[in-house]
Every structure is written in C-alpha cells, then in structure tokens.
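**Q** okay, sequence plus prediction incoming.
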Amino acid sequence: MNKFRKHLVSYRYAVKGIALAFRFESNMLFHLAAAIFVILVNLLLHITKTEWLITLMLIGLVWTAELFNTAIEKLADRITKEEDGIIGQVKDLASGAVLIICGFSVLCAAIIYLPYLF
Ligand SMILES: Nc1ncnc2c1ncn2[C@@H]1O[C@H](COP(=O)(O)OP(=O)(O)OP(=O)(O)O)[C@@H](O)[C@H]1O
C-alpha cells in the first residue's frame with residue numbers, strides 16, 4: 001500500500017473511532033447537543049469572528065477530551081474489570097480532564113454571551 005493510500009485509510013479508522021465514541025459513551029450525545037446549542041446561540045447573537053473561533057475550539061477540545069476519556073476507560077477495562085485502586089484513579093483522572101475543559105468552556109461561554117444579553 002503506498003503512503004498516500006495508507007494515509008487515507010487512517011482517516012477511515014479515525015472516523016470509525018468517532019462513531020465508536022458515540023456508541024460507547026452516552027455523554028457524546030450530550031456534547032453533540034451542547035455543540036449544536038452553542039452554534040445556534042452564536043448565530044442568534046451575531047458574535048464576532050474571534051468569539052466564533054474560541055467557541056469552536058472549545059467544542060473541539062471537549063470532544064477530544066471525551067474521546068481520550070473513552071479510550072482510556074476501554075483500555076482500563078481491558079486490563080481488569082475487577083476492583084483495582086489504580087484503575088479507579090486512572091478513570092477518575094480521565095473524567096477529571098473532561099470536567100476541567102467543560103468547566104472552562106462554561107466560563108468562557110458566560111464571558112462571551114453575558115455582555116450580549118445584558
Ligand atoms: N476496575 C475498577 N476499579 C476501581 N474503580 C473503578 C473500576 N472501574 C470503575 N471504577 C470507578 O467507577 C467510576 C466510573 O467508572 P465507569 O467505567 O463506569 O466510567 P463511566 O461511568 O462510564 O465514566 P464517564 O462518565 O467518565 O464516562 C470510575 O471513575 C472509577 O472511580
């Protein structure tokens with residue numbers, strides 16, 4: 001397989017990975033709904049180009065964190081499904097990463113949207 005074809009095939013696996021995240025992680029549907037809501041609010045409020053960039057980057061970061069979280073959870077479950085302190089900590093750390101980016105996203109959304117509303 002030449003390098004270009006190999007590169008194209010890797011995109012197919014990546015898209016498969018995104019589809020898997022929707023299958024295994026119910027939070028993905030929530031993130032999708034939140035992203036659609038943010039885009040609709042952006043359109044409604046006619047925010048600036050910079051504000052669009054910030055909100056779109058945050059949507060991308062949340063989705064990325066959730067995919068890594070799902071990957072780590074699956075890998076951890078592959079290692080052991082039995083009660084294990086370290087596995088528990090690894091999963092908590094991965095979930096913590098998602099919570100951090102979601103928290104900062106809400107904060108950024110408040111900073112961007114509130115001046116348009118009040
Ligand atoms: N094998 C294990 N040993 C110890 N604790 C575990 C184990 N598996 C899960 N836990 C604990 O239960 C929590 C939830 O784990 P679970 O695999 O159900 O993830 P989840 O509920 O799908 O998480 P998320 O909402 O982040 O996707 C973990 O964060 C961890 O604290």
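**A** Now that the structure is in, tell me what you want to look at. Keep in mind that this is a model prediction, so the values were computed, not measured.
**Q** what's around S105, how many residues?
**A** 19 (other C-beta atoms under 10 Å). All C-beta atoms are positioned from the backbone trio N, CA, C, and that covers glycine.
**Q** what's the answer for Y11, then?
**A** By other C-beta under 10 Å, the burial measure for Y11, its neighbour count, is 9.
**Q** tell me how far it lies from F4.
**A** 11 Å (C-beta to C-beta, to the nearest Å).
**Q** tell me the SS of the residue in the chain positioned nearest to the ligand?
**A** Here the residue of the chain nearest the ligand is G88; by C-beta to the nearest ligand atom that distance is 2.8 Å. Three-state assignment for G88 (DSSP: H, G, I helix; E, B strand; the rest coil): helix.
**Q** which helix or which strand is home to A65?
**A** According to DSSP states H and E, A65 maps onto helix 49-79.
**Q** could I get the buried residue list for that helix?
**A** 51, 54-55, 58-59, 62-63, 65-67, 69-73, 76 (16 or more other C-beta atoms under 10 Å).
**Q** many thanks, I have nothing further to ask.
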